[in-house]
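Engineer: Show me the folded form of this:
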Amino acid sequence: MIAAPQFARFAVVGTAGFVVDSASLTLALQLGAGFLAGRGISYLVAATFTWWLNRRWTFAPTGDSYLGQWAKFVSANAVGGTINYCVYAALIFGFPALFKACPILAVAFGSVAGLAMNFTLSRRFVFSSGRA
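Structural biologist: Numbering: from 1, shown residues only. Here you go, the predicted model:
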């Protein structure tokens, strides 16, 4: 059973992560990274940010080390991240006139696509002991 307040906090963190992701992608593109490499960089920056905020606010402490829990978070969220990245890439290359002009819109669609999967895996495998 999904705890609605916990999911709402996860979604708020995800929204903040979207801002970090978008800003990181914009910076990476301005520095010369391509659309795919830039998205890979921005995803890792955003994943680190959302792990930290979820650890602090969404889920109760588990006792895991920072590095160990970060690795579990990035690994578990790789499923949702793959969905996110594939939606992003499909939009960038499937509809280039729209999404290459505004790649942040493709990031938004990808983020929404991966949200439920990321919450489920984070709750079950990363922050499983001592849920909030």
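
Engineer: going forward, measure contacts between C-alpha atoms and count neighbours the same way
Structural biologist: OK.

Engineer: Name the nearest residue to the residue nearest to the spatial centre of the chain, sequence neighbours excluded.
Structural biologist: The structure's the chain has its C-alpha centroid closest to Ala47; by C-alpha atoms, centre = their mean the separation is 5.0 Å. With C-alpha to C-alpha, 6 or more residues apart in numbering as the measure, Val74 is the residue that lies nearest to Ala47, at 6.7 Å, once sequence neighbours are left out.

Engineer: Work out the gap between the host helix or strand of that neighbour and the centre of the chain.
Structural biologist: Taking DSSP states H and E as the definition, Val74 sits inside helix 66-76. Its chain's C-alpha centre lies 13 Å from the corresponding centre of helix 66-76 when counted by C-alpha atoms, centre = their mean, to the nearest Å.

Engineer: and that helix, what does it pack onto?
Structural biologist: Helix 66-76 sits against helix 35-53, with contacts defined as 3 or more C-alpha pairs under 8 Å, 6 or more residues apart in numbering; DSSP states H and E.

Engineer: one step back: how much space is there between the residue nearest to the centre of the chain and Ser122?
Structural biologist: Summarising the geometry, the distance separating Ala47 from Ser122, computed by C-alpha to C-alpha, to the nearest Å, is 12 Å.

Engineer: quick one: buried residues of the helix or strand harbouring Ala8?
Structural biologist: Taking DSSP H and E as the criterion, the element that holds Ala8 is helix 4-30. Of all the residues in helix 4-30, those buried under the rule 16 or more other C-alpha atoms under 10 Å are 6-7, 9-26, 28-29.

Engineer: same check, this time on stretch 82-96
Structural biologist: Buried residues in stretch 82-96, defined by neighbour count with 16+ other C-alpha under 10 Å: Ile83, Asn84, Tyr85, Val87, Tyr88, Ala89, Leu91, Ile92.

Engineer: Quick check: the second one touching Ala113?
Structural biologist: Yes - in this structure Asn84 lies within contact range of Ala113 using C-alpha atoms under 8 Å: 5.9 Å.
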